[in-house]
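S.K.: what follows is a protein structure lacking sequence information:
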């Protein structure tokens, strides 16, 4: 029985004409791995790591925020984020408090020391962004973000 070829054949791992270089997740994984390696290299120089950086960037936009929401936005497991946040609290970067509206919810806020630290970190990693997106226009970056957001939504629907 002949298989029916579609315009997506080369992208589908089951496709007859599949090539890994045409598989979007191949490129997503490679880009993410290189980005993470470069971030780790730069952040290590200033006594920071990727998980704390990610949490601080979330808090920069949403403060206060629940621990579970931090875990969701950081794409990490709740116990892992909780451990990191308690270490960050001990370092004076964040404060943890109980929600006034729901005593079961722990809220996270960045301290003044945390905000100062974040500015140092943002300054250090800005060059990575500039080098990675060199030659791309703002419109191309916006389009890329839109496509990735759509892909993310599609993937989240797999969990339902």
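M.R.: Thanks, I have it. Treat the numbers as computed from the prediction; the structure is a model and nothing was measured. Numbers count the residues shown, from 1 in each chain.

S.K.: quick one: the strands in this protein, in order.
M.R.: Listed in chain order, the strands of the chain (DSSP state E) span 65-66, 94-98, 106-110.

S.K.: just say which of those strands is most tucked in.
M.R.: strand 106-110 (a mean of 20; mean count of other Cβ atoms under 10 Å). C-beta coordinates here come from the backbone N, C-alpha and C atoms, glycine included.

S.K.: for it, which strands pair with it and how are they oriented?
M.R.: In the sheet, strand 106-110 lines up against strand 65-66 (antiparallel), strand 94-98 (antiparallel) (DSSP bridges).

S.K.: residue 133 and residue 141 touch, don't they?
M.R.: Yes - here residue 133 reaches residue 141: they are 6.1 Å apart, a contact under Cβ atoms under 8 Å.

S.K.: dump the strands of the chain into TSV; add mean pLDDT as well.
M.R.: Formatted as TSV, the strands of the chain follow (pLDDT from 0 to 100):
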stretch	mean pLDDT
strand 65-66	96
strand 94-98	96
strand 106-110	96
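
S.K.: distance from stretch 118-127 to the middle of the chain?
M.R.: On the basis of Cα atoms, centre = their mean, to the nearest Å, stretch 118-127 sits 16 Å off its chain's mean C-alpha point.

S.K.: got a list of contacts for that stretch?
M.R.: With Cβ atoms under 8 Å, 6 or more residues apart in numbering as the test, stretch 118-127 has contacts from 39, 42-43, 45-46, 48, 53, 56-57, 60, 110.
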